[in-house]
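# here's my sequence, what's the structure:
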Amino acid sequence: MSEELESKVDVKDQAPEGHYGETLLYDFAKTLTSLSLIVLGGVLSLSGTEQAAKIPVFSLVLIAGAVAMAGALALSTAFGIVDARAKNREPSANLTKLIKAANFLLGVGLGGFTFTWLESLK
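Model (predicted):
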């Protein structure tokens, strides 16, 4: 029965012609923005625990700053795509650099927090 209802839809057919990569970039930027907010909330929540008293405040500020900057860059990427399309222009070629920087900063922040948190548990 489920085989009869299953359809074969190619995602590329659903995106406007020539904008498939742009659609993926927009979705990735939205996802990275949400992920940054979740990670930032987790970092700030865990920083209020007893274990976090062993973590230097400077480290927590750098970690939270990296994650917050990642979210801001990802949001800027999504906004850049929406703004360009609303004005019937091509999006900037720098948007891929912004999302790569956001991905890097999120990795640095999450990796840094994981390392410092595990060190504080010793």
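
# which helices and strands does the longest helix seen in the chain pack with?
Assignment by DSSP state H gives helix 57-86 as the longest helix of the chain. Applying 3 or more Cβ pairs under 8 Å, 6 or more residues apart in numbering; DSSP states H and E, one finds that helix 57-86 contacts helix 20-46, helix 95-120. For every residue, glycine as well, the C-beta is placed using N, CA and C.

# give me the number of residues near Ala29?
By other Cβ atoms under 10 Å, 24 other residues sit near Ala29.

# quick one on the thing from earlier: to Leu75, which of the helices and strands packed on helix 57-86 lies closest?
helix 20-46 (4.9 Å; Cβ to Cβ).

# list the buried residues for that closest one?
22, 25-26, 28-29, 32-33, 35-37, 39-40, 43 (16 or more other Cβ atoms under 10 Å).

# state the pair within the residues you listed that is farthest apart.
Glu22 and Val43 (31.2 Å).

# shaky segments in the chain?
Low-confidence segments of the chain (pLDDT under 70): 1-20.

# can you tell me how far the closest residue to Gln51 other than its chain neighbours sits from Ala93?
In space, and not counting its chain neighbours, Gln51 is closest to Ser120: 5.1 Å by Cβ to Cβ, 6 or more residues apart in numbering. According to Cβ to Cβ, to the nearest Å, Ser120 and Ala93 sit 42 Å apart.

# quick one: which of these two has more around it?
Ranked by neighbour count (other Cβ under 10 Å), Ser120 and Ala93 place Ser120 first, with 17 against 7.
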